[in-house]
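Student: Sequence first, predicted coordinates after that:
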Amino acid sequence: AQTVTQSQPEMSVQEAETVTLSCTYDTSESDYYLFWYKQPPSRQMILVIRQEAYKQQNATENRFSVNFQKAAKSFSLKISDSQLGDAAMYFCAYRSVLSNFGNEKLTFGTGTRLTIIP
Amino acid sequence: SAVISQKPSRDICQRGTSLTIQCQVDSQVTMMFWYRQQPGQSLTLIATANQGSEATYESGFVIDKFPISRPNLTFSTLTVSNMSPEDSSIYLCSVYYSPGEQFFGPGTRLTVL
C-alpha cells in the first residue's frame, strides 16, 4: 500500500518570501500522480498542482512549483512571493495511474499548516 | 474543472439520528468518492461510488453505517446513520474528472451532540 508523509505539521513564512513544504511517499509502482491540495479555513479542497511521475520536468503553476525527485520519492512544493491568501493547510496526495478498480483513490499525507506573516 | 456542490453545508444533529448529504456535479462523471475529515486530521476515503453498481467501501467503513446512492452520473448521496459524537467530521464529495485530476466539493460540516 502507498503511504504519504508530511513531516512538517506547521510552517510559517514572511509575506513575499519563499517557502518549501516537504512530502515523501512510498510506492512500488513506477507510474503515478502526485498532487498538492490547499485547504483554507473555508475547508474547500483546492488543487494547487499536479505531477505525473513519468514526466521528468517539474510542474509549475504561477507562483507554485514542485521539486519532484522520483528516485528519492520526494515531492516538495515551493511557494514563491508568498501572499496572505496562501495561508492554509496543504496536503500532499498520491494516486495510482492504474485503472484497475480500487486503485483510483487518493492517499493523503497528514498536512502542513502554513502561516503567512505580514 | 468540475463544479461540485454539496448540501447541507453544515448541520448539527442529535445522537441516534441519520443525515443524508447530497453531492451534485455539473457534468457527467464515472467515479465519485466520499471522504471523511475528522477534526484536525487528514482525509480518509469512505467509499467509491460508481453509477449502476454497489459502492465499494474502504476498510473500517460499512454500508449499514454509511449507505451511498448513485442514481445517475451527476449525483450521489451519503447517509450517516445512527450517529454518535464520533461521527462529527467534515464529509467531502470528490470526482475523478480527467486523467490525473480530482476535484472536491465544498464539504459538509457535521456536528453530533
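Tutor: Okay, I see it. Numbers count the residues shown, from 1 in each chain, chains lettered A, B, ... in the order given.

Student: which residues are in contact with stretch B:95-108?
Tutor: Under the contact criterion Cβ atoms under 8 Å, 6 or more residues apart in numbering or on different chains, stretch B:95-108 has outside partners A:33, A:35, A:37, A:42-45, A:47, A:50, A:52, A:95, A:97, A:104, A:106, B:1-2, B:4-11, B:21, B:23, B:25, B:27, B:29-33, B:35, B:37, B:90-94. In this view, the C-beta of every residue, glycine as well, is placed from N, C-alpha and C.

Student: are any of the residues you listed buried, and which?
Tutor: A:33, A:35, A:37, A:43-45, A:47, A:50, A:52, A:95, A:97, A:104, A:106, B:2, B:4, B:6, B:21, B:23, B:25, B:29, B:31-33, B:35, B:37, B:90-94 (16 or more other Cβ atoms under 10 Å in any protein chain shown).

Student: Which ones among these map onto strands?
Tutor: Taking DSSP state E as the definition of strands, the buried ones among the contacts of stretch B:95-108 contribute A:33, A:35, A:37, A:47, A:50, A:52, A:95, B:4, B:6, B:21, B:23, B:25, B:31-33, B:35, B:37, B:90-94.

Student: Quickly note the distance from the residue nearest the centre of chain A to B:Q102.
Tutor: Residue closest to the average C-alpha location in chain A (Cα atoms, centre = their mean): A:W36, at 2.9 Å. Distance, A:W36 to B:Q102, using Cβ to Cβ, to the nearest Å: 12 Å.

Student: quick one: pLDDT of A:S30?
Tutor: For A:S30, the pLDDT comes out at 86.
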